[in-house]
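Colleague: The amino acid sequence is not available; the structure is as follows:
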């Protein structure tokens, strides 16, 4: 699957800036994909892109309308459907990151067939997969892992792709979540595959490549999160990573959504992830830490990163505050 | 889901005794569920049960025809379909452990509706599930884990259920694979759920129970198997086990189906499984080892089990050769 670019980013009539997170991520990381935004009356959020009608966007070569919002419940509001239908009628594909599936909306599949466009329900795509084999394959791979969910694994992966490219290296972000898939235009929302195929899906999105090519694979969940560790484990084995980047949020009190579940120490988390990765990549190493320090002052962030770097002997940074070039430099140097 | 008992075990026209493994497992562990067997001309395998026609079996109260064979490719041979249709016509449910789904066979769903019976595609059942929470729940739970796939986790779990019941304890086998589900009449083939719900499925099949009740949860795969470790990990977290029983086959040269993948040491495997289980069950302990020793002499088996028992300080046994009462005794004593 490759979602045809460029995109028109649909924001509906959202008023919560956080609800436009997906569209914002696409625009931040792939500005060249984004021709404009489409907002309904009442929408108070803007990406700073030109506001375009469907017809104007089509005239500018847009191939796909992206539903780039995240609503409570993941539902597609029925008053957004006219826009979706208009886009299909104008010959645009629709890419949907919401939980509710386009293919379940009466008439939409038929309308898409009539106009020969595709409906991409990114969260629900289940490509034909093989089970993972763990066989050694060529190319270099980095996987972001984490102490918890939602600690910045996608951001870190995309920042690392950019930093490696900046250094003139061949690097590609490999998406495993719905926002990542919309950013990359391809990939697999790996938490949606059948359990037997988690590792196989990770192998499929990061196949054998040139010896000097870097795949930066977006991690999911945490080996220590009781809801999602199965996904994390299969992804670690399938990614067959040469390097791990450990992502963490400073000061998190407990595992996400689970007040009863304590956080794990960085030391334990690093060890468990390296041990798991070594099953398919015996020489795997830790490349560094990406720390979300947004809850503390800049000085506290600097101190914390220095402390972690000293403890583990690898770079530690907040990629948003301080960039991630130290980790990119380490990867380039040590290969 | 509860598959209505009793069963008529359908063997088709198989000639390889191994192909009847599922039916044999059901008969071995739940003889009271099995009223008879149905074989087509050419079938050379027998379970020693009475051969019954559909009509005769229905007359004896059979509620479900079980397709109890495992074919290469998991396909349902088309010349078996007349028997399936006859059973539906006679008012029997059909339980299918093959990969090919009954619901995909033209006309079968309609026929089942007409006769008000159910089609159980055990491998493909995807019940509505929640993601795992890891919240502490009452009751005692034992999970079988393994160094590899196909090392006897189902057999060990059923043997342990029997041994605990023999000691007068309340114990229930909880099935996580298709044969186990057919033996128990309920459960979830956990490798077939959506990846996000592995731990949630394990929680669903082993819910809170009486403080003195034992759930014996059938393990799947291995944390060290590159194809399936995601399933194993989610199952370990969801099972929230107080005790683990480590299953192993003596002398296995490499991970199943993967000649390039080395086996892991018992020590490493025990440590990794205890560490993973501790995420949701901090006081989890190792109850013992169940070793498949079928490839060596009885004396070698005895020596090996004694060596392992001495090394780890817990019982080690081959449940087929020597039973599993030592482990049941430990569980009863230490609770």
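Modeller: Done, it's in. The model shown is predicted, which means the values in this text are computed figures rather than measured ones.
Colleague: in chain A, which residue is closest to the centre?
Modeller: The centroid of chain A falls nearest to residue A:180 when counting by Cα atoms, centre = their mean (2.9 Å).
Colleague: and the helix or strand harbouring that residue with chain B, contact?
Modeller: Assigned by DSSP states H and E, residue A:180 belongs to helix A:178-184. No. Using Cβ under 8 Å from any Cβ of the partner chain, helix A:178-184 never reaches chain B; the gap is at least 12.1 Å. Glycine gets a C-beta too; all of them are placed from N, C-alpha and C.
Colleague: Report the mean per-residue pLDDT for whichever helix or strand comes after that helix.
Modeller: Per DSSP H and E, the first helix or strand lying C-terminal to helix A:178-184 is helix A:198-205. Helix A:198-205 comes out with an average pLDDT of 97.
Colleague: quick one, phi/psi of residue A:319?
Modeller: phi -60, psi -30 (degrees, to the nearest 10).
Colleague: wait, it sits on residue A:158?
Modeller: No. Counting by Cβ atoms under 8 Å, residue A:319 does not reach residue A:158; the two are 9.1 Å apart.
Colleague: hmm, back to that, report the contact partners of the residue nearest to the centre of chain A.
Modeller: Contacts for residue A:180 were tallied using Cβ atoms under 8 Å, 6 or more residues apart in numbering or on different chains; they are A:154, A:157, A:158, A:173, A:187, A:218.
Colleague: how does it look with 10 Å?
Modeller: Residue A:180 is in contact with A:22, A:25-26, A:29, A:122, A:153-154, A:157-158, A:173-174, A:186-190, A:217-218, A:220, counting by Cβ atoms under 10 Å, 6 or more residues apart in numbering or on different chains.
Colleague: Filter these down to the ones in helices?
Modeller: Of those, the ones assigned to helices by DSSP state H are A:22, A:25, A:26, A:29, A:153, A:154, A:157, A:158.
Colleague: What's the separation between residue A:305 and residue B:246?
Modeller: 40 Å (Cβ to Cβ, to the nearest Å).
Colleague: who has more neighbours, the two?
Modeller: Between residue A:305 and residue B:246, residue B:246 has the larger neighbour count (other Cβ atoms under 10 Å in any protein chain shown), namely 27 against 23.
Colleague: How about the contacts made by the residue in chain A sticking out farthest from the centre?
Modeller: Distance from the centre of chain A peaks at residue A:114, with 32.0 Å (Cα atoms, centre = their mean). Residue A:114 is in contact with A:88, A:89, counting by Cβ under 10 Å, 6+ apart.
Colleague: Max pairwise distance over the ones in helices among the contacts of residue A:180: which two?
Modeller: A:26 and A:153 (16.8 Å; Cβ to Cβ).
Colleague: Partner strands of whichever strand or helix holds residue A:247, with direction?
Modeller: Residue A:247 is part of strand A:243-249 when elements are defined by DSSP H and E. In the sheet, strand A:243-249 lines up against strand A:140-146 (parallel), strand A:285-292 (parallel) (DSSP bridges).
Colleague: could I get those as TSV with distance to residue B:47 and mean pLDDT?
Modeller: Output for these, formatted as TSV (distance: least, Cβ to Cβ, whole Å; pLDDT from 0 to 100):
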stretch	distance to residue B:47	mean pLDDT
strand A:140-146	48	98
strand A:285-292	54	98
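Colleague: Out of those, which one sits most buried?
Modeller: Using mean count of other Cβ atoms under 10 Å in any protein chain shown, the stretch among the strands paired with strand A:243-249 with the greatest mean number of neighbours is strand A:140-146 (a mean of 27).
Colleague: Now do that one against helix A:198-205: the angle between them, please.
Modeller: 130 degrees (axes from the mean of the first three to the mean of the last three Cα atoms, to 10 degrees).
Colleague: you'd agree residue A:56 is in a strand?
Modeller: No. According to DSSP: H, G, I helix; E, B strand; the rest coil, residue A:56 belongs to no strand; its state is helix.
Colleague: before we move on, back to that, who wins for most neighbours among the ones in helices among the contacts of residue A:180?
Modeller: Most surrounded of the ones in helices among the contacts of residue A:180: other Cβ under 10 Å gives residue A:157, at 32 neighbours.
Colleague: surely that one meets residue A:239?
Modeller: No. Assessed by Cβ atoms under 10 Å, residue A:157 is found out of contact with residue A:239, at 11.2 Å.
Colleague: Can you pull the residues that touch both of those two?
Modeller: Common neighbours of residue A:157 and residue A:239 (Cβ under 10 Å, 6+ apart) are A:142, A:143, A:144, A:174, A:176, A:215, A:217, A:218, A:219.
Colleague: wait, which of these is closest to chain B?
Modeller: Nearest to chain B, judged by Cβ to the nearest Cβ, of the shared contacts of residue A:157 and residue A:239 is residue A:176 at 10.6 Å.
Colleague: so that closest one makes contact with residue A:220?
Modeller: Yes. Counting by Cβ under 10 Å, residue A:220 is a contact partner of residue A:176 at 5.5 Å.
Colleague: Touching both of these two, which residues are there?
Modeller: Joint contacts of residue A:176 and residue A:220 (Cβ under 10 Å, 6+ apart) are A:143, A:144, A:153, A:154, A:189, A:190, A:191, A:198, A:202, A:231, A:235.
Colleague: got the end-to-end distance for stretch A:15-31?
Modeller: 22 Å (Cα to Cα, to the nearest Å).
Colleague: buried residues in that stretch?
Modeller: A:19, A:20, A:22, A:23, A:24, A:25, A:26, A:27, A:29, A:30 (16 or more other Cβ atoms under 10 Å in any protein chain shown).
Colleague: correct me, but the fourth one touches residue A:66?
Modeller: In other words, residue A:23. Yes. Between residue A:23 and residue A:66 a contact is recorded at 7.0 Å, counting by Cβ under 10 Å.
Colleague: Touching both of these two, which residues are there?
Modeller: A:7, A:9, A:10, A:11, A:34, A:37, A:97, A:182.
Colleague: and those, which are buried?
Modeller: Buried by 16+ other Cβ under 10 Å: A:7, A:9, A:10, A:11, A:34, A:37, A:97, A:182, out of these.
Colleague: Now for the first one: which residues touch it?
Modeller: Taking Cβ under 10 Å, 6+ apart, we find residue A:7 in contact with A:23, A:26-27, A:30, A:33-37, A:57, A:62-66, A:68, A:92-93, A:95, A:182, A:185.
Colleague: so how far is stretch A:226-241 from its chain's centroid?
Modeller: 15 Å (Cα atoms, centre = their mean, to the nearest Å).
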